[in-house]
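Peer 1: Quick one: sequence and predicted model below, then my questions.
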Amino acid sequence: MGQNACKCPEPKVNALPQNVWEIAERGDARGVRDYLSLGGDVNAANAKGETLLAYAARNGKYNVLMELLKSSYLHLNTYHEYNGAGAYTPLWLAAANGHYQCASALMMSNLSCRIDTIGSKDNDLSAIMIAAEKGNWNIAKRLIVFRKDSRENLSPEEANYIFPLAVQGMQWDIGVRSLNYCSHYDSDSIEQFLNKAVERDYWEVILEVLKVKFRGRTMSILRFLSKSARELEWKVVAKLLEMMPEEVTFDKDLVEAALKFNTDKISQLVRENEYDAATMNGNLLIVAAGGTNEFIAKFLFNNIGHYPQWVVNHVLSLSALNGHLEFLQLLFQKNSDYIFTYSALSVAQKAASQGGHVNADRLLSKILDEETQAFANNYLKVKERVYS
């Protein structure tokens, strides 16, 4: 049962006259009103234990439901069977059967009986979960907003259940909302959600998803940094840089000049400006994401300053992700000051392979083979010293 929800008594079975039931079946709200005005029990049930409210909610009899909601004695949270199993409230039944008006009216009721937004006696599937399962997304969204307004957050179980369904149904708002309450993150589902969002250029959705700390998040940030840099979406670029664990900024003029291969403009900007470390780091990341020529890549490395290892690790991933050999060659030249871990190289090689960048894949595979051989040789030398 939902937080602070009214615990209603069981309905009076076989207490509802058959002719009143037939009136409700016809959707005759006036007939129901006459029954109640003559002292009829608003919570009476038929021989199967179903109340008028449950019937109206299950079958979308909105006019009848609204007439019932006028009674201050109405019990909102009585339990009823659904498809021969379980025990569910009228709100749950409306959600399961896609009756938005009925579900919304039940939530907005001003009765003293507080609505149970879970709606399932055994808590197997809540009203939100069954609405999502049935594809009744307007009801699921209405329930989520109502729960939020009532300060009842989604449970982790609900969020974990709803999110993959929202991904399949491309329900952007519900997907983002549910993701924020998940207890564990399915990276494949998140990646699928992001891929569908990027196909439609839904940057707001992408940025909201990337705020969540899921496995593979950094690579996703770098991937969308590449797309936004190539498309010169500077507002998006700035927000993506803000998601980096370290402070990173950028100079738009310098970055644009580098992406457009404008060497004269780059030289002028470097002479006229004293870029701080955060800006230097951001400039390199964005240019590595968007791509440039070898001359400009060398210029950025040699004339702007020394970059910390974490920045160069991201440059490695970005270069592999986009097949930018001009940066990869600089990173692995003989006089390079940077040393990469086997893990960083493996991630980069996988990114190049998945992106179909054959030359980058070959280069990184060769370096990985060399690293493996070097490790094996060192291991053998240590082993020989131990046993000698």
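Peer 2: Sure, I can see it.
Peer 1: Give me the domain ranges for the chain.
Peer 2: Domain ranges of the chain: 1-152, 155-215, 237-388, per automatic domain parsing.
Peer 1: okay if I get those as JSON lines plus mean pLDDT?
Peer 2: JSON lines is the format used below for those (pLDDT from 0 to 100):
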{"stretch": "domain 1-152", "mean pLDDT": "93"}
{"stretch": "domain 155-215", "mean pLDDT": "92"}
{"stretch": "domain 237-388", "mean pLDDT": "87"}
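Peer 1: Tell me which of those domains lies nearest to residue 223.
Peer 2: domain 237-388 (6.2 Å; CB to CB). Backbone N, C-alpha and C define where each C-beta goes, glycine included.
Peer 1: Just send the domains of the chain back as JSON lines, with distance to residue 224 and mean neighbour count too.
Peer 2: Below are the domains of the chain laid out as JSON lines (distance: least, CB to CB, whole Å; neighbours: other CB atoms under 10 Å):
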{"stretch": "domain 1-152", "distance to residue 224": "26", "mean neighbour count": "19"}
{"stretch": "domain 155-215", "distance to residue 224": "6", "mean neighbour count": "18"}
{"stretch": "domain 237-388", "distance to residue 224": "6", "mean neighbour count": "17"}
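Peer 1: Helix or strand next in line after the one helix or strand residue 254 maps to, which one?
Peer 2: Using DSSP states H and E, residue 254 sits in helix 252-259. Using DSSP H and E, the helix or strand that follows helix 252-259 towards the C-terminus is helix 263-272.
Peer 1: neighbouring contacts of that next one?
Peer 2: Helix 263-272 is contacted by residues 251, 253, 254, 257, 258, 295, 296, 299, 303, 304 when judged by CB atoms under 8 Å, 6 or more residues apart in numbering.
Peer 1: With distance to residue 136 as extra columns, can I get those in CSV?
Peer 2: Output for the contacts of helix 263-272, formatted as CSV (distance: CB to CB, whole Å):
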residue, distance to residue 136
251, 49
253, 51
254, 51
257, 52
258, 50
295, 58
296, 54
299, 58
303, 60
304, 55
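Peer 1: could I have stretch 26-39 exported to PDB, CA atoms only?
Peer 2: Only the C-alpha atoms of stretch 26-39 are listed here, as PDB (Å, rounded to 0.1, in the frame of the first residue of the first chain):
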ATOM      1  CA  ARG A  26     -25.300   1.100 -19.300                       C
ATOM      2  CA  GLY A  27     -23.200   4.100 -18.000                       C
ATOM      3  CA  ASP A  28     -26.300   5.700 -16.600                       C
ATOM      4  CA  ALA A  29     -24.900   8.300 -14.200                       C
ATOM      5  CA  ARG A  30     -28.300   9.700 -13.400                       C
ATOM      6  CA  GLY A  31     -29.600   6.300 -12.400                       C
ATOM      7  CA  VAL A  32     -26.600   5.800 -10.100                       C
ATOM      8  CA  ARG A  33     -27.300   9.300  -8.600                       C
ATOM      9  CA  ASP A  34     -30.900   8.300  -7.900                       C
ATOM     10  CA  TYR A  35     -29.800   5.100  -6.200                       C
ATOM     11  CA  LEU A  36     -27.400   7.000  -3.900                       C
ATOM     12  CA  SER A  37     -30.000   9.800  -3.200                       C
ATOM     13  CA  LEU A  38     -32.400   7.100  -1.900                       C
ATOM     14  CA  GLY A  39     -29.800   6.000   0.600                       C
END
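Peer 1: okay, how far is it across stretch 236-251, tip to tip?
Peer 2: 14 Å (CA to CA, to the nearest Å).
Peer 1: From the rest of the structure, what touches it?
Peer 2: Contact with stretch 236-251 is made by 203, 207, 210-211, 221, 224-225, 228-229, 269, 273, 275, 278-279, 281-283, 285-286, 310, as judged by CB under 8 Å, 6+ apart.
Peer 1: Name the nearest residue to residue 40, ignoring sequence neighbours.
Peer 2: Distances taken as CB to CB, 6 or more residues apart in numbering place residue 20 nearest to residue 40, at 6.7 Å, with adjacent residues excluded.
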